[in-house]
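K.L.:
Okay, predicted coordinates and the sequence, questions at the end:
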Amino acid sequence: MPKVIVDLDKCEGAGVCAEVCPMNVYDIVEINGKKKSQPTRAQDCIMCLACVNSCPAQAITVEE
């Protein structure tokens, strides 16, 4: 199963990952008063890397 990692220090909460993910892996949630991306359905990831390639903050990595 893929391991989807969001670096919360880098994440700007833009939501691009949630928009481009064909498997709806991400939710944008509020953490400490700031919007952040959370891979709440990481088990559904198909490793297309659309999120990695589109994240403006380069905050996402996906590993096998």
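P.N.:
All right, it came through fine.
K.L.:
In the chain, mark out all the strands, start to finish.
P.N.:
With DSSP state E as the criterion, the chain has strands at 3-6, 27-31, 34-38, 60-63.
K.L.:
Which of those sits closest to Met47?
P.N.:
Of all these, strand 60-63 sits nearest to Met47, with 5.8 Å by Cβ to Cβ. C-beta coordinates here come from the backbone N, C-alpha and C atoms, glycine included.
K.L.:
Tell me which residues of the closest one come out buried.
P.N.:
For strand 60-63, a neighbour-count test (16 or more other Cβ atoms under 10 Å) marks Ile60, Val62 as buried.
K.L.:
now for it, which elements pack on it?
P.N.:
strand 3-6, helix 50-54 (3 or more Cβ pairs under 8 Å, 6 or more residues apart in numbering; DSSP states H and E).
K.L.:
Of all those, which one comes closest to Gln43?
P.N.:
The nearest among these, by Cβ to Cβ, is strand 3-6 at 9.3 Å.
K.L.:
Direction included, what does the closest one pair up with?
P.N.:
strand 60-63 (antiparallel) (DSSP bridges).
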